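Asker: quick one: sequence plus predicted model below, questions after.
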Amino acid sequence: MPKVKVYSVDKNERYRIIGELFELIVNLRTKGEVIDFLIGLFTPSETLMIARRIQIAKMLADEVSYNGIRQKLKVSYATIATVEHWLQSEEKRDFIIKKLKELGSGKKSRSVDYSGSLLNKYAQYRLLKDLLK
């Protein structure tokens, strides 16, 4: 799919279709539904790009330097700056840090049956399936 220039889409149409995407995501009920939705929607590369941004946020919360983040995750300074800008609001930063710490606190997520999942259907996602076990 070719890239779309954000401002080439009518403002009202842009708000409508992005709003529908957000509504759909909010209404996903299980981890399995979320995984199938995201894997069906994004390429492995896009999935990794999103996951890296989450890792950048975690590392920024742990006060890792830009150089440390760049070396470990192989991302640009611009990407790190974008994530840091996203976290600038103290309220937002505290919320995100709390959520990230919950993820890293050893809490086990619910077990999900991936047998009928897109994770089995496409070879490029089998690595993700193994990581989610």
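Answerer: Noted; the coordinates are in hand. No experiment lies behind these values; they were computed from the predicted model shown.
Asker: ignoring the adjacent residues along the chain, who's closest to the residue minimising distance to the centre of the chain?
Answerer: Averaging the C-alpha coordinates of the chain gives a centre point, and the residue nearest to it by Cα atoms, centre = their mean is I50 (3.8 Å). The shortest distance from I50 to any residue that is not its chain neighbour, by Cβ to Cβ, 6 or more residues apart in numbering, is 7.2 Å, and that residue is F42. (C-beta placed from N, C-alpha, C; glycine too.)
Asker: phi, psi for the one you found please.
Answerer: Its backbone dihedrals place F42 at phi -110, psi 150, with angles given as degrees, to the nearest 10.
Asker: quick one: it and A51 touch, right?
Answerer: No: in terms of Cβ atoms under 8 Å, F42 does not count as a neighbour of A51; the distance is 10.2 Å.
Asker: from A78, how far out is the nearest residue to Y77 once chain neighbours are set aside?
Answerer: In space, not counting the residues next to it along the chain, Y77 is nearest to Y66; the distance is 6.0 Å by Cβ to Cβ, 6+ apart. Y66 sits at a distance of 11 Å from A78 (criterion: Cβ to Cβ, to the nearest Å).
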